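A.B. asks: Give the three-dimensional model of this entry:
(one chain, ligands or ions: 1)
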Amino acid sequence: MALVLIGFMGAGKSTLARRLAELRGRAPIDGDALLVERFGHSVAREFELHGEQAFRAAEEEVMCGVLEGAGARDVIALGGGSVLSARVRTALTEHTTALIEVAPEVAWERVHRDGSERPLARDRDAFEALYVQRRSLYEQVADAHLLWAESASGEYPVLVGRGLLGGERLAAVWPFDRLASRPFCVTDETVGELYGGQLGGLTKTIAIPPGESAKTLASADRVWRELAQAGMTRADHLVALGGGVVGDLAGFCAATYQRGVPVVHVPTTLVAMVDSAYGGKTGVDLPDAKNYVGAYHQPAVVLVDPDMLATLAPAELAAGWVEVLKTALIAGGELWERVSQTTGCEVNESTILDCAATKLAIVAEDERDAGDRQVLNLGHTVGHAIETATGYARYRHGEAVGLGLLAALRLSRQEHLRAQVRELLIERDLPVTFDGAPVEALLGAIARDKKRVGDRVPFVLVQAPGEVSHGSEVAEGDVRAAVEELMR
Ligand code: NAD
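C.D. replies: This next block holds a predicted model:
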């Protein structure tokens, strides 16, 4: 079972197939290049000489031949129109198909920029009509969606698809040859029990107790030592199977064990699927402050199977939904409309993708939090302080961030939006008031926030959904008032 990239012309199938294949140490199989080789001239010339029908017949034959001969770790870029053939669609069922989405205007711009003559990209209206017509076919055959994450220190694929992590598909999407690089897994006791077996043939699994209170240096010490005792080397890789706690801890251990080994993230909570698995921030909490010790370490790949959310407790799903809300506030536009207008906490694959894409776009510009990445901390200054001041046990991370969003909107003087967000939290049984620590403890924890510069803590403020700024100085009295308001 190979990994087959599909999508409209200009989506980047050939480029990403090449990069994915490189990561696997093999050559990509490029459907379009094989066709050009067979014709002995360009696709445009073939259209002129023999017409589209003859081209489609040749395309079907070549693509079916490729799909029949492909092996488990091959990466194939399929010709954009190949999915029109029922024979090709049937052949695809033997493989794992990943769709690369591209907006029509981006596709148009790219196919004209690269200078290649595409017979179906001459007229803009016809191009857009073709886009609409093919879109549902792509969706119909896609097993997953592929996003490509880029940042100053590296790039990696993100695959999101239901049932992606079971049976034969695993070999098609796993970035490493397990005979050459052995998988060592960090998970928590709950998740390990539920999904450890699904990842098949793990060399060693270390299961920490579930929950935030295990995101400590003591847990990291345990992981490092157990990996050393099990003989993990730098040729091997770590797998983070779990929510944000496991992802942060395992990522930190991967960043530091023998000065760095690759990490595969398999997020299992909504928090992790929409947020924490991407961007390479890893670390542990100190009793004094949250995420105080850590490192940046980008994943080798993020593999998301939204079916895993089926076993998540409703309260955990609701807490995760707060990160969806936060991301929608940052993104604004269509994502904000969708998230603020739906009921409940169920999130479909396209919302997971949109949240991931929002975060990845921000991280691509500022991996190390020097500027715009700080907007992702919206609601987190007060949120983290709530977690620290209550000993990481009273509020789930997402619940604390929900309260932090209310404080940030108060500091932003956005009363209408604050009231709307408050309603959205109440509808989902999420807390909108805080108890469990005195106001001074909370203010003390805010003052220790790791974003502090000199004696001030910069805040992320919201002007409107989609308009978020970072680095704002806020008067101490205003912070106190925003925190006291949460206690009423
Ligand atoms: P978590 O990892 O503690 O998971 C919550 C609970 O759900 C745990 O009890 C776990 O055992 C259980 N669970 C996980 N997956 C399950 C499944 N599929 N079925 C049943 N139970 C399941 O918490 P979280 O909310 O995922 O993550 C919170 C952490 O993420 C915080 O430490 C936060 O700081 C961190 N975080 C990091 C980043 C980042 O960029 N690195 C971003 C956001 C949050």
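
A.B. asks: what comes up buried for the lengthiest helix in the chain?
C.D. replies: Using DSSP state H, we find that the single longest helix of the chain is helix 43-69. Of the residues in helix 43-69, 43-44, 46-47, 55, 58-60, 62-64, 66-67 count as buried by neighbour count, 16 or more other CB atoms under 10 Å. Bear in mind the C-beta positions are built from the backbone N, C-alpha and C, glycine included.

A.B. asks: what does stretch 175-187 give?
C.D. replies: P175, F176, R178, S181, R182, P183, F184, C185, V186, T187.

A.B. asks: just to revisit the earlier point, is it possible to get TSV of the buried residues of helix 43-69 that adds distance to E94 and pLDDT?
C.D. replies: TSV is the format used below for these (distance: CB to CB, whole Å; pLDDT from 0 to 100):
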residue	distance to E94	pLDDT
V43	26	90
A44	31	89
E46	27	93
F47	30	91
F55	24	94
A58	21	96
E59	18	96
E60	16	97
V62	17	96
M63	13	96
C64	11	97
V66	12	96
L67	7	97
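
A.B. asks: Looking at those residues, spot the one nearest the ligand.
C.D. replies: The ligand has its nearest neighbour among the buried residues of helix 43-69 in L67, at 32.9 Å by CB to the nearest ligand atom.

A.B. asks: returning to what we had before: farthest pair in the buried residues of helix 43-69?
C.D. replies: Maximum pairwise distance in the buried residues of helix 43-69, criterion CB to CB, is 24.7 Å, between A44 and L67.

A.B. asks: what are the pairing partners of whichever helix or strand comes after the longest helix of the chain, and which direction each?
C.D. replies: Downstream of helix 43-69, the next assigned helix or strand under DSSP states H and E is strand 75-77. Here strand 75-77 is paired, per DSSP bridges, with strand 3-6 (parallel), strand 29-30 (parallel).

A.B. asks: any idea of the mean pLDDT in strand 75-77?
C.D. replies: Averaging pLDDT along strand 75-77 yields 97.

A.B. asks: Just the element for the residue in the stretch 1-150 of the chain that the ligand sits nearest to, please.
C.D. replies: Using CB to the nearest ligand atom, the closest approach of the stretch 1-150 of the chain to the ligand is made by A149 at 12.7 Å. Here A149 sits within strand 144-151, counting by DSSP H and E.

A.B. asks: Residues touching that strand, excluding its own?
C.D. replies: Contacts to strand 144-151, defined as CB atoms under 8 Å, 6 or more residues apart in numbering, come from residues 5, 12, 16, 19, 96-101, 155-161, 164, 173, 278-280, 298-299, 302, 349, 353, 356-357, 360, 363-364, 367.

A.B. asks: which parts of that strand are buried?
C.D. replies: A144, H145, L146, L147, W148, A149, S151.

A.B. asks: Output stretch 183-193 as CSV - backbone C-alpha positions only.
C.D. replies: The C-alpha trace of stretch 183-193 is given here as CSV (Å, rounded to 0.1, in the frame of the first residue of the first chain):
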residue,chain,number,x,y,z
PRO,A,183,9.7,3.2,17.2
PHE,A,184,9.8,3.9,20.9
CYS,A,185,6.5,5.2,22.3
VAL,A,186,5.6,7.6,25.1
THR,A,187,1.9,7.7,26.0
ASP,A,188,-0.3,7.9,29.0
GLU,A,189,-1.9,4.9,30.8
THR,A,190,-5.4,5.6,29.4
VAL,A,191,-4.4,6.3,25.8
GLY,A,192,-1.8,3.4,25.8
GLU,A,193,-4.5,1.0,26.8
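
A.B. asks: That stretch and the ligand, are they touching?
C.D. replies: Yes: on the criterion CB under 6 Å from any ligand atom, stretch 183-193 is in touch with the ligand at D188, T190, V191.

A.B. asks: on that earlier part again, keep only those of the contacts of strand 144-151 that are also close to the ligand.
C.D. replies: Within these, those near the ligand by CB under 6 Å from any ligand atom are G279.

A.B. asks: Which of the contacts of strand 144-151 are buried, as a PyMOL select command?
C.D. replies: The PyMOL selection below is limited to those of the contacts of strand 144-151 classed as buried (16+ other CB under 10 Å):
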select buried, resi 5+12+16+19+96+97+98+99+100+101+156+157+158+159+160+161+164+173+278+279+280+298+299+302+349+353+356+357+360+363+364+367
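
A.B. asks: So which of the contacts of strand 144-151 sit within strands?
C.D. replies: Cross-referencing these against strands under DSSP state E gives L5, T96, T97, A98, L99, E155, Y156, P157, V158, L159, V160, V302.

A.B. asks: And these, which two are furthest apart?
C.D. replies: T97 and E155 (21.5 Å).

A.B. asks: show me what contacts the closest residue to E168 other than its chain neighbours?
C.D. replies: Leaving aside its chain neighbours, E168 sits nearest to M1 (4.8 Å; criterion: CB to CB, 6 or more residues apart in numbering). Applying CB under 8 Å, 6+ apart to M1 gives the contacts A72, E94, H95, T96, E168, R169, A171, A172.

A.B. asks: Which pLDDT does the model give the fourth one?
C.D. replies: It refers to T96. 97.

A.B. asks: thought it was touching A172?
C.D. replies: Yes: if you go by CB atoms under 8 Å, T96 and A172 touch, sitting 4.0 Å apart.

A.B. asks: anything in contact with each of those two?
C.D. replies: M1, A2, L3.

A.B. asks: Pairing-wise in the sheet, spell out the partners of the last one.
C.D. replies: What that stands for is L3. Here L3 shows beta-bridge partners V75, T96, assigned using DSSP bridges.

A.B. asks: from now on call the first residue 59
C.D. replies: I'll keep to 59 as the first residue from here, and by that count the last item is L61.

A.B. asks: can you pull the contacts of it?
C.D. replies: By CB under 8 Å, 6+ apart, L61 lies in contact with L78, D132, V133, I134, H153, T154, A156, A230, V231.

A.B. asks: Distance check, it against G219.
C.D. replies: According to CB to CB, to the nearest Å, L61 and G219 sit 11 Å apart.

A.B. asks: anything in contact with each of the two?
C.D. replies: Common neighbours of L61 and G219 (CB under 8 Å, 6+ apart) are A156.

A.B. asks: Quick check: the residue of the stretch 409-546 of the chain nearest the ligand.
C.D. replies: H455 (3.7 Å).

A.B. asks: Show me what from the stretch 209-358 of the chain comes close to the ligand.
C.D. replies: Counting by CB under 6 Å from any ligand atom, the stretch 209-358 of the chain comes close to the ligand at 246, 248-249, 252, 268-270, 273, 300-304, 306, 326-327, 329-330, 333-334, 337, 339, 349.

A.B. asks: my bad, the stretch 359-508 of the chain
C.D. replies: Residues of the stretch 359-508 of the chain that fall close to the ligand, judged by CB under 6 Å from any ligand atom: M366, T369, L370, E374, A377, G378, R454, H455, G456.

A.B. asks: Please verify my assumption that the third one contacts T327.
C.D. replies: Yes: proximity of L370 to T327 meets the contact threshold set by CB under 8 Å, at 6.0 Å.

A.B. asks: any common contacting residues for those two?
C.D. replies: The contact lists of L370 and T327 share G378, where a contact means CB under 8 Å, 6+ apart.

A.B. asks: Which other helices and strands does the lowest-mean-pLDDT helix or strand in the chain contact?
C.D. replies: Lowest on mean pLDDT, DSSP states H and E among the helices and strands of the chain sits helix 162-171, with a mean of 89. Secondary-structure packing of helix 162-171 (3 or more CB pairs under 8 Å, 6 or more residues apart in numbering; DSSP states H and E): helix 182-199.
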